[in-house]
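Engineer: could you look at this predicted model? Sequence included:
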Amino acid sequence: MTIGVIPVGIAVYALSRPDGENNEPYITRMISNATAGLHEKWTSQNDHHVRMIEQAGEDRVLFANTRPQEYVDMKFPEYVYP
């Protein structure tokens, strides 16, 4: 097990170093390519979440400031008044 750690460590170190042309390291470029389209998705999810929280706050204020209905006539709910 300890013999395999040395080559793996050397490989990870080599991949984490920048190229000779002052580019980003290979691992950083792979992460950037994998997460390229996620910024728009995260932005839309955050916007949707903010709108849901605002609506929940408005609903809470609405229900907190209304009086409950004290009487509901339930004798014959199927009866239609003429």
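Structural biologist: Looks like it arrived, so ask away.

Engineer: just checking, what packs against the strand or helix carrying Val8?
Structural biologist: Assigned by DSSP states H and E, Val8 belongs to helix 2-16. Using 3 or more C-beta pairs under 8 Å, 6 or more residues apart in numbering; DSSP states H and E, the elements in contact with helix 2-16 are helix 26-34. For the C-beta atoms, the positions are set from N, CA and C on the backbone; glycine is no exception.

Engineer: now the helix it packs on - C-alpha only, CSV.
Structural biologist: Extracted as CSV, the C-alpha positions of helix 26-34 are listed here (Å, rounded to 0.1, in the frame of the first residue of the first chain):
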residue,chain,number,x,y,z
TYR,A,26,-4.6,20.7,-15.6
ILE,A,27,-6.8,19.9,-12.6
THR,A,28,-8.1,23.5,-12.4
ARG,A,29,-8.9,23.5,-16.1
MET,A,30,-10.8,20.2,-15.8
ILE,A,31,-12.8,21.6,-12.9
SER,A,32,-13.6,24.7,-14.9
ASN,A,33,-14.7,22.7,-17.9
ALA,A,34,-16.9,20.5,-15.7
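
Engineer: next helix or strand past it?
Structural biologist: helix 38-64.

Engineer: how far out from the middle of the chain is that following helix?
Structural biologist: 12 Å (C-alpha atoms, centre = their mean, to the nearest Å).

Engineer: which other residues reach the helix holding Val8?
Structural biologist: With contacts defined as C-beta atoms under 8 Å, 6 or more residues apart in numbering, helix 2-16 is touched by 25-27.
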